[in-house]
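Trainee: Return atomic coordinates for the entry below.
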Amino acid sequence: MTDERNSWEEYAPQPGPLTVYRREAMASDFEVALNESADEDGADAALDALDEVDRIEDALSVFRPTSAVSRVNLLAAETPVRVDEELWNWLQTSVRLGKETEGAFDVAAAPLWRAWGFADRDGEFPPEDKLRRALALSGQNRLRFDDAARTVAFEREGVELNFGAIGKGIALDAASAKLEERGVFDFLIQGGKSGVVARGGRAGDYAPDVLAELSAGTRDDKEPEIDEESGLRRRRDSSEETLDAILPDALKPDGALLAAERLRFEPTGWTVGIAHPLYPERRLGTLWLRDRALATSGSTYQFFRAGGKRYSHIVDPRTGYPTLGVLSTTVLAPTATEADALSTAFFVLGPEKSEAFCARRLDVGALLVLERDAAPGYEVVTFNLGPDVFRAVENA
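Mentor: Numbering: from 1, shown residues only. Presented below is the predicted three-dimensional model:
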């Protein structure tokens, strides 16, 4: 039997060491990871990026009475409230994403969130009359915008904004912009277990399809030759045409293909593990990111059971009820702001409408874990995630 770890993988460089800067924010640990070879300015840039996360939390948190969002929630039912350009843009982006997802994401669904007890990190079935009142106060259609004056007003008392389903994405994008502004272009920023922005690459980290594709044509029973010039082992490959298409110009003039030299032509990125929503100590697979963002929504830690059913803390803002049948959603998008909002929206929309969205937006990829009665109790579906991005773990 051929060993699963083939000769090319033996030569693949291991991901390089990192320096990680960490700070608690938004009820999570935010981390900035830089290649250990980053210059001394990288540390200052990382701290600036984490300061930016703090600034965004100060502006968006409904738990801070002095935040810009708390001010809007306090006054907007009585009078139009003028907001700064930054908050205005976040509001407009949120409303756009709400429309694009058929209302599955809604920045003005806070009354429902409170009615179900999730504001207190608990969950219980609310009385029907309480749920009806919350539903009547929820929805971005309750917001009134004046573009010229840059003001927002509420239709009635009790309407409330909450950026909880998009705020981490906004903070990650702001932190990313701060790092790039400071001249750092190879980094990964993580917001808790639910959001990531990856730029450039980690030294020695390569796309998951590279070795998988190459190894298909390199496994044989021959002993590897020793290259006299480099001292590295090598193999003669019978599928050079396929390999050359994957890695142009990687073939040496004499036809010998050295793994170390071949890999040097591949751009680096960041490999990120995807946790199993039912067994968080296990991985479902890995995603390879480069200049892209990721967000995950799920019921791993925030759910409750009633009537024999598992209810997530994610409420469908259109019906007022928590979503059933989806265990987790992971979304890849150009920005963390979009990824954050879409991971919530796809959780609500389910697989069919999520697939339709991804068919319209080829720059968005998604992985959904669906609840199933039959063993093993779940099903994984993916959209726009090819072998260059996603690799599943067998027997996850």
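Trainee: Can you check which helix is longest in the protein?
Mentor: Secondary structure assigned by DSSP state H gives helix 336-360 as the longest helix of the chain.
Trainee: That one: which residues count as buried?
Mentor: 336-351, 354-355, 357-358 (16 or more other CB atoms under 10 Å). The C-beta positions use only the backbone N, C-alpha and C, and glycine is treated the same way.
Trainee: Could you do stretch 193-208 as well?
Mentor: Using 16+ other CB under 10 Å as the test for burial, stretch 193-208 gives 194-202, 205-208.
Trainee: Give me the buried stretch members for stretch 113-131, please.
Mentor: Using 16+ other CB under 10 Å as the test for burial, stretch 113-131 gives 113, 114, 115, 116, 118, 123, 125, 126, 131.
Trainee: now the residues you listed as CSV including distance to residue 152?
Mentor: Below are these laid out as CSV (distance: CB to CB, whole Å):
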residue, distance to residue 152
113, 19
114, 20
115, 23
116, 25
118, 24
123, 30
125, 32
126, 27
131, 26
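Trainee: which other helices and strands contact the longest helix of the chain?
Mentor: Packing contacts for helix 336-360, counted by 3 or more CB pairs under 8 Å, 6 or more residues apart in numbering; DSSP states H and E, involve helix 85-100, helix 167-181, strand 195-199, strand 292-298, strand 326-333, strand 365-371, strand 378-383.
Trainee: 10 Å - rerun?
Mentor: Helices and strands touching helix 336-360, by 3 or more CB pairs under 10 Å, 6 or more residues apart in numbering; DSSP states H and E, are helix 85-100, helix 167-181, strand 187-191, strand 195-199, strand 292-298, strand 326-333, strand 365-371, strand 378-383.
Trainee: Residue 109 is nearest to which of those?
Mentor: Of all these, helix 85-100 sits nearest to residue 109, with 9.3 Å by CB to CB.
Trainee: Spit out the contact partners of residue 323.
Mentor: 104, 297, 299, 311-316, 329, 344, 347-350 (CB atoms under 10 Å, 6 or more residues apart in numbering).
Trainee: thought residue 15 was touching residue 288?
Mentor: No: with contacts counted by CB atoms under 10 Å, residue 15 stays clear of residue 288, the gap being 11.5 Å.
Trainee: Common neighbours of the two, please.
Mentor: 201, 205, 206, 268, 270, 271.
Trainee: any chance of the buried residues of stretch 193-208 in TSV, with pLDDT too?
Mentor: Below are the buried residues of stretch 193-208 laid out as TSV (pLDDT from 0 to 100):
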residue	pLDDT
194	89
195	95
196	97
197	98
198	97
199	96
200	94
201	91
202	91
205	84
206	75
207	72
208	60
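Trainee: Using CSV, lay out these together with distance to residue 67.
Mentor: Compiled in CSV, these are given as follows (distance: CB to CB, whole Å):
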residue, distance to residue 67
194, 21
195, 20
196, 25
197, 23
198, 29
199, 28
200, 33
201, 36
202, 35
205, 37
206, 42
207, 40
208, 41
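Trainee: of all those, which two lie farthest apart?
Mentor: Pairwise over these, using CB to CB, the maximum falls at 194 and 206, 25.5 Å.
Trainee: returning to what we had before: out of the shared contacts of residue 15 and residue 288, flag the one nearest to residue 24.
Mentor: residue 270 (22.5 Å).
Trainee: from what I can see the closest one touches residue 332, true?
Mentor: No: counting by CB under 10 Å, residue 270 sits too far from residue 332 to count as a contact (12.0 Å).
Trainee: joint contacts of these two?
Mentor: Contacts common to residue 270 and residue 332, judged by CB under 10 Å, 6+ apart, are 196, 198, 287, 289, 292, 294.
Trainee: got the residue ranges for the strands in the stretch 101-250 of the chain?
Mentor: 143-146, 151-154, 187-191, 195-199, 225-226, 233-234 (DSSP state E, counting those that start in this stretch).
Trainee: For residue 324, find the nearest of the ones you listed.
Mentor: Per CB to CB, nearest to residue 324 of the strands of the stretch 101-250 of the chain: strand 195-199, 24.3 Å.
Trainee: Quick check: can you name the pairing partners of the closest one and their directions?
Mentor: strand 187-191 (antiparallel), strand 292-298 (antiparallel) (DSSP bridges).
Trainee: So for residue 270 and residue 332, which sits in the more crowded spot?
Mentor: residue 332 (28 against 24; other CB atoms under 10 Å).
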